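Undergrad: Here's a sequence, model it:
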Amino acid sequence: EKAAAEKRPDPLTIRTQVLLDRAGFSPGAIDGREGDNLRGALAGFAKAKGQAFSGRLDAAVWQALAGTSTDPAVQRYTLTEEDAAGPYAKAIPPKMEEQADLKALSYTSPAEMLAERFHMSRGLLEALNPDAVLTKAGTVITVAAVPPMETGRIPGKELPEAPKVKRIEVDKPALQVRAYGEDGALIHLYPASIGSEEKPAPSGTLTVEGVAFDPTYTYNPKYEFKGVEAKRKFTIKPGPNNPVGLVWIDLSGNDGYGIHGTPEPEKVGKTESHGCIRLTNWDARDLAKHVERGAKVDFGK
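TA: As a prediction, the model looks like this:
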């Protein structure tokens, strides 16, 4: 019984993660569990409120966080015909060369789609809805009460949305991306996967050159990614399971660096990247909606 209880998501942790998400301090995938992404978001929130952070959710930080919203942490959602119908991919092959043969890098199931739409882990979605039939329109489920992730492209003339992001800070040791407004105030904080020993992230300052929603991904053999044997360029079509997810924020320079989404949101901040800055799809989309062309991106040393 003790082991089973430890595996169950914690209601207070779910509420904490939802409140942080709403306040702009992303905990990554909401899963109802303690972890580095949650602690990082709490530390960022506490700092923004001028409070010390002890490494855990203490009374002072909780009081400040609880004061940001009194709305419920979860909500009911009814599946639509579109939710049930998809289209969904049967499977996403692990090798990039095989992914290039697919017509679209779609979700593989309604569960995967719904978890991402509401910023959740698959495990939490299943725990909150153990008997739900997610392939049937009309099914009512419980999801995190956060603004659902939008899909589709946004015309360039409508961007950037307010509040505008003028500067981005990529904190490699903390595995975080922080977005600042015109007045220098912190607007959003996101957990991130930032480079690796094999392919480290850059240093110094780059600039944002453009934003692409629903991007294709072109592999160049000069990248020399481990496990990719192709000697010629190939392109992978758009979709949430594209290697760069639903968004690509292009950075200056000729090395192919960018800030982008991912097909594996639960691994953000926990695994390495191929030199770029990897966010969850919903966080990458949020940043892309607000960042200005020419915004500075500071990677530090």
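
Undergrad: For this structure, which segments count as strands?
TA: Assigned by DSSP state E, the strands in the chain fall at 74-78, 140-144, 165-171, 176-180, 186-191, 193-194, 205-213, 217-219, 234-236, 247-251, 258-260, 277-278, 291-298.

Undergrad: Could you work out which of these reaches nearest to P94?
TA: strand 234-236 (12.7 Å; C-beta to C-beta). For glycine as for every other residue, the C-beta is placed from the backbone atoms N, C-alpha and C.

Undergrad: Return the distance of that closest one from the chain's centre.
TA: 23 Å (C-alpha atoms, centre = their mean, to the nearest Å).

Undergrad: Run me through the strand neighbours of that strand, direction for each.
TA: Sheet neighbours of strand 234-236, with direction, are listed as strand 217-219 (antiparallel) (DSSP bridges).

Undergrad: Just give the closest residue to R278, not the sequence neighbours.
TA: If you skip the residues right next to it in sequence, R278 has S193 as its closest partner in space, 4.1 Å away by C-beta to C-beta, 6 or more residues apart in numbering.

Undergrad: Can you get me a residue count around that neighbour?
TA: One way to gauge burial is a neighbour count; for S193, by other C-beta atoms under 10 Å, it gives 21.

Undergrad: That one and S273 touch, don't they?
TA: Yes: distance between S193 and S273: 4.4 Å, which falls inside the contact criterion (C-beta atoms under 8 Å).

Undergrad: Next, give phi and psi for Y88.
TA: Main-chain torsions, Y88, degrees, to the nearest 10: phi -120, psi 150.

Undergrad: Give me the distance between it and A100.
TA: As judged by C-beta to C-beta, to the nearest Å, Y88 and A100 stand 19 Å apart.

Undergrad: Tell me which of these two has more neighbours.
TA: More crowded of Y88 and A100, by other C-beta under 10 Å: A100, with 18 against 15.

Undergrad: coming back round to it: just the strands of the chain: most buried one?
TA: The densest packing among the strands of the chain, expressed as mean neighbour count by mean count of other C-beta atoms under 10 Å, is seen in strand 277-278 with a mean of 28.

Undergrad: Give me the average confidence score over that one.
TA: When the per-residue pLDDT values of strand 277-278 are averaged, the result is 96.

Undergrad: cool, and stretch 203-214?
TA: Along stretch 203-214, the predicted local confidence has a mean pLDDT of 96.

Undergrad: Can you get me a residue count around A64?
TA: 17.

Undergrad: Touching, it and K49? I think so.
TA: Yes: with contacts defined as C-beta under 8 Å, A64 counts as touching K49 at a distance of 4.9 Å.

Undergrad: Roughly how far does the closest residue in space to V61 that isn't next to it in sequence sit from A52?
TA: If you skip the residues right next to it in sequence, V61 has A46 as its closest partner in space, 5.1 Å away by C-beta to C-beta, 6+ apart. Using C-beta to C-beta, A46 is found at 7 Å from A52.

Undergrad: Between the two, which is the more surrounded one?
TA: Legend: neighbour count by other C-beta under 10 Å for A46 and A52, higher for A46 (20 against 10).

Undergrad: residues contacting the residue nearest to V61?
TA: When contacts are counted by C-beta atoms under 8 Å, 6 or more residues apart in numbering, A46 is found next to 52-53, 61, 64.

Undergrad: just L175 next, same as before
TA: With C-beta under 8 Å, 6+ apart as the criterion, the residues that contact L175 are 36, 40, 191-194, 269.

Undergrad: Now tabulate those residues in CSV and tack on pLDDT and distance to G156.
TA: Listed next are the contacts of L175 as CSV, based on pLDDT from 0 to 100; distance: C-beta to C-beta, whole Å:
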residue, pLDDT, distance to G156
D36, 96, 36
G40, 97, 32
P191, 98, 28
A192, 97, 25
S193, 96, 27
I194, 94, 27
G269, 91, 30
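
Undergrad: need those in TSV with distance to I277, can you?
TA: As requested, the contacts of L175 are exported to TSV (distance: C-beta to C-beta, whole Å):
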residue	distance to I277
D36	17
G40	15
P191	11
A192	5
S193	8
I194	6
G269	11
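
Undergrad: I'd assumed T139 was in contact with V133.
TA: Yes: using C-beta under 8 Å, V133 and T139 qualify as a contacting pair, with a distance of 5.3 Å.
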